[in-house]
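Undergrad: sequence unknown, structure follows:
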């Protein structure tokens, strides 16, 4: 059963992503052998970091389990900081209403991460992350994007179906898991790629499986939503801890969240421009600004 709540939720690459087929494509991994590298075998994938197919960042096809058929894609962490497995499902659509559907299974005691890239060059800026999904290895997933945040409770060692509807013409997106709608919100940019990464935000090891990918035009009609009017900017990002936040208003509130959704601290911003100290370990966090019932959220990276 999936549970939702309204609580809060990296690497630079320059990978040119182009549309492989205007009608979409499927990838079930059945045409390959166990042990094959997916970037070497499939035209639909590339590595996040430089090196390309057959290197440490490539993902391996396995026959150890599958949601259907014999094979699936294994995303496994071999590095305590995340990775090395880190691949992009290349889509590269710039207009239209698209559906992206795949099966996902998290390994018990481990977790994983994927995001939807809204830019041609993956990870090239804040606008790159249009949706982030981070499972903590204990059955809780934190999900965020420009629309806000939500959470889902997902049992490990079970297959779930993830369904994304991304309407580039309206600038809207929707996410469902096993048919239950978790969120609908704004979407900015193109449908560049899906990044599958072996990472849990420092809460454990990353290890999960992906199967039965389908990318196709969607017939789901998303209803327009009102985009929040509150806006803010901040920098530097990454930061060593000191950041300058510009909101343009008096009395906004700032909350910083861990990627698991845990609120770490809240501070009132008494000035339209304010200096704030982020006294926390190195890592990736979410900073939310609220004002007059509206909110915006951005990723902030602490690096010393």
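TA: Nice, I can see it. All figures in this text were calculated on a predicted structure; none of them were measured in a lab.
Undergrad: any chance you could map the strands in the stretch 1-150 of the chain?
TA: 25-27, 45-47, 60-62, 72-76, 86-93, 97-106, 110-117, 129-135, 140-145, 148-153 (DSSP state E, counting those that start in this stretch).
Undergrad: those into a markdown table, with extra columns for mean neighbour count, mean pLDDT and distance to residue 38?
TA: (Each C-beta comes from the backbone N, C-alpha and C, glycine too.) Below are the strands of the stretch 1-150 of the chain laid out as a markdown table (neighbours: other C-beta atoms under 10 Å; pLDDT from 0 to 100; distance: least, C-beta to C-beta, whole Å):
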| stretch | mean neighbour count | mean pLDDT | distance to residue 38 |
| --- | --- | --- | --- |
| strand 25-27 | 17 | 97 | 9 |
| strand 45-47 | 23 | 95 | 5 |
| strand 60-62 | 19 | 98 | 6 |
| strand 72-76 | 25 | 97 | 6 |
| strand 86-93 | 24 | 96 | 6 |
| strand 97-106 | 21 | 97 | 13 |
| strand 110-117 | 26 | 92 | 14 |
| strand 129-135 | 24 | 89 | 19 |
| strand 140-145 | 23 | 85 | 23 |
| strand 148-153 | 20 | 80 | 26 |
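Undergrad: and the ones you listed: which comes nearest residue 189?
TA: strand 129-135 (6.4 Å; C-beta to C-beta).
Undergrad: in the stretch 201-304 of the chain, which spans are strands?
TA: Under DSSP E, counting those that start in this stretch, the stretch 201-304 of the chain gives strands at 205-217, 233-235, 242-246, 252-257, 263-269, 273-277, 283-291, 294-302.
Undergrad: which one of those lies closest to residue 166?
TA: strand 205-217 (10.0 Å).
Undergrad: so what strands line up beside the closest one?
TA: strand 25-27 (antiparallel), strand 72-76 (antiparallel), strand 97-106 (antiparallel), strand 110-117 (parallel) (DSSP bridges).
Undergrad: and those as TSV, adding distance to residue 196?
TA: Below are the strands paired with strand 205-217 laid out as TSV (distance: least, C-beta to C-beta, whole Å):
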stretch	distance to residue 196
strand 25-27	12
strand 72-76	5
strand 97-106	9
strand 110-117	5
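Undergrad: closest to residue 61 out of those?
TA: Ranking the strands paired with strand 205-217 by proximity to residue 61 (C-beta to C-beta) places strand 72-76 first, at 6.0 Å.
Undergrad: quick one on the thing from earlier: next, format the strands of the stretch 201-304 of the chain as JSON lines and append mean pLDDT.
TA: Below are these laid out as JSON lines (pLDDT from 0 to 100):
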{"stretch": "strand 205-217", "mean pLDDT": "96"}
{"stretch": "strand 233-235", "mean pLDDT": "89"}
{"stretch": "strand 242-246", "mean pLDDT": "92"}
{"stretch": "strand 252-257", "mean pLDDT": "88"}
{"stretch": "strand 263-269", "mean pLDDT": "88"}
{"stretch": "strand 273-277", "mean pLDDT": "91"}
{"stretch": "strand 283-291", "mean pLDDT": "86"}
{"stretch": "strand 294-302", "mean pLDDT": "84"}
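Undergrad: JSON lines for those, including mean neighbour count and distance to residue 57?
TA: Output for the strands of the stretch 201-304 of the chain, formatted as JSON lines (neighbours: other C-beta atoms under 10 Å; distance: least, C-beta to C-beta, whole Å):
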{"stretch": "strand 205-217", "mean neighbour count": "21", "distance to residue 57": "13"}
{"stretch": "strand 233-235", "mean neighbour count": "14", "distance to residue 57": "29"}
{"stretch": "strand 242-246", "mean neighbour count": "16", "distance to residue 57": "31"}
{"stretch": "strand 252-257", "mean neighbour count": "20", "distance to residue 57": "28"}
{"stretch": "strand 263-269", "mean neighbour count": "14", "distance to residue 57": "30"}
{"stretch": "strand 273-277", "mean neighbour count": "13", "distance to residue 57": "35"}
{"stretch": "strand 283-291", "mean neighbour count": "20", "distance to residue 57": "19"}
{"stretch": "strand 294-302", "mean neighbour count": "18", "distance to residue 57": "20"}
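Undergrad: any chance of the ones you listed in a markdown table, with distance to residue 60 too?
TA: Listed next are the strands of the stretch 201-304 of the chain as a markdown table, based on distance: least, C-beta to C-beta, whole Å:
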| stretch | distance to residue 60 |
| --- | --- |
| strand 205-217 | 11 |
| strand 233-235 | 39 |
| strand 242-246 | 39 |
| strand 252-257 | 33 |
| strand 263-269 | 36 |
| strand 273-277 | 43 |
| strand 283-291 | 26 |
| strand 294-302 | 29 |
